[in-house]
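J.: Need coordinates for the below:
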Amino acid sequence: MIYTMTLNPSVDYIMELENFQKGGLNRTLNESAFPGGKGINVSRVLYRLEVSSVALGFAGGFTGNFIETFLKDEGINTDFVNIEEMSRINVKVKADDETEINANGPEIKEGHLVALLDKIRKLTSEDILILAGSIPKTVPKNFYGIIAEQCEKQGTKIVIDAEKSLLESVLPFKPFLIKPNHHELGEIFDTEIKTEEDAIYYGELLKKKGVQNVIVSMAEKGALLFTGDNVFYSDVPKGELKSSVGAGDSTVAGFIAGMVNGLNRKEAFRLGTAAGSATAFSIGLCTKEKIDSLLNKITITEK
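T.: Predicted coordinates:
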C-alpha cells in the first residue's frame, strides 16, 4: 500500500473577484473549497491513476472533518490522527493578481506525534510512505528523519518532497525517491542551478548520498531522472501553463503509480512528467484523460 503524509493539511478556500479593492467591500464571483497539502495532492492524483493510497497526517475541528469527508467522497482512504485544534484554512484571492493568506496551523502535541508514529510502525516492507510538504511549527524539524529511521528498520520505502531543512534529516536513511526542483536542488548544495549541466552535476552528487532515485524538475526546460547508473532527460509537452500548483506532487504520483504498476523507471518517469505537465496545463489537479493525452508527446533521452 502507498501512504501519503501531510502534517499540516488545509482547507484551501478560493475566492474569485472581478477586482480587489483594498480597504473596501469586495464581493466574489465564485467560491470553492478543497483539501490542500502536498501529500493530499499526491493521494488525489494517485486515485485518478487508479492507484489506491491512504492519507495520513493530523486533522481537527470542522475543517479537519471537511478534509476527511472530501477525500472519502472522492474514494481516498484516510487515517488521520485527530487533534484538538482545527486544521488551518488558507485563503486564496484571485482578482487582477493572486493574493494568498496561509495560516500557521494548529498546535501538535507530543501525544499526537506518538499516535502518528504508532501508525508508521505498522507499515511493512511492502509499503511506500510519501513525506510531502511543510510541517506545523510545533513539530520538531527532524521529525521526517525520525519517521525515515523507523521506516528503514521496517524496510518501508520512503519518498520525500520537502525543503532543505526537512530533507536533510532523511538523507542518511537512503530514501527511494527525492524530487527537488532545480531551485531546491541548488539550496541543498548552497548554490544556484543555472544550466542542465549544473543540474546533472548536483543531481549526481545527491544520488551519491544514498538516494535511490532523484527527479529534478526544471519547469519548461524539462526534467532529469537519476536512477541506477543512468541519467534520463525528459522534455515537456507543449501546452498553456495555467497553474504550477500541484505539478510537482503530480510528478511524484505519476512516477510512483508507474512503479507499482510494473513499469520500468524510464517509463515511470514518462508517466510522472505527463502527470506534472497535465496539472500545469489545468485549473486544479490533472485528470487521467489529460495525462494519457500527453504521454506520446514526451521524448526521453539518456544523458
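J.: and Asn8, what does it touch?
T.: By C-beta atoms under 8 Å, 6 or more residues apart in numbering, Asn8 lies in contact with Gly37, Gly57, Phe58, Arg88, Gly105, Gly133, Ser134, Ile135, Pro136. Any C-beta I mention is one placed from the backbone N, CA and C, and that applies to glycine too.
J.: mind checking which helix or strand it is in?
T.: Assigned by DSSP states H and E, Asn8 belongs to neither a helix nor a strand.
J.: Asn90 versus that one, what's the distance?
T.: 10 Å (C-beta to C-beta, to the nearest Å).
J.: ranges for the strands of the stretch 151-300 of the chain?
T.: 157-161, 177-178, 213-217, 223-227, 230-234, 300-302 (DSSP state E, counting those that start in this stretch).
J.: any chance of the ones you listed in CSV, plus distance to Thr28 and mean neighbour count?
T.: CSV is the format used below for the strands of the stretch 151-300 of the chain (distance: least, C-beta to C-beta, whole Å; neighbours: other C-beta atoms under 10 Å):
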stretch, distance to Thr28, mean neighbour count
strand 157-161, 32, 25
strand 177-178, 39, 26
strand 213-217, 33, 24
strand 223-227, 36, 24
strand 230-234, 39, 19
strand 300-302, 43, 12
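J.: Relative to Gln150, which of those strands is closest?
T.: Gln150 lies closest, by C-beta to C-beta, to one member of these: strand 157-161, at 9.9 Å.
J.: before we move on, back to that, the contacts of Asn8 in strands, which ones?
T.: Gly57, Phe58, Arg88 (DSSP state E).
J.: Okay, and the beta partners of the first one?
T.: With DSSP bridges applied, the residues forming beta bridges to Gly57 are Thr6.
J.: give me phi/psi at Asn19?
T.: Dihedral angles of Asn19 (phi, psi; degrees, to the nearest 10) stand at phi -150, psi 160.
J.: Which residue comes closest to it once chain neighbours are left out?
T.: Spatial nearest neighbour of Asn19, chain neighbours left out: Ala95 (5.2 Å); criterion: C-beta to C-beta, 6 or more residues apart in numbering.
J.: quick one: contacts for that neighbour?
T.: The contact partners of Ala95, by C-beta under 8 Å, 6+ apart, come to Glu16, Leu17, Glu18, Asn19, Phe20.
J.: buried stuff in the helix ranked longest in the chain?
T.: If you go by DSSP state H, the chain has its longest helix at helix 265-280. For helix 265-280, burial by neighbour count (16 or more other C-beta atoms under 10 Å) applies to 265, 267-280.
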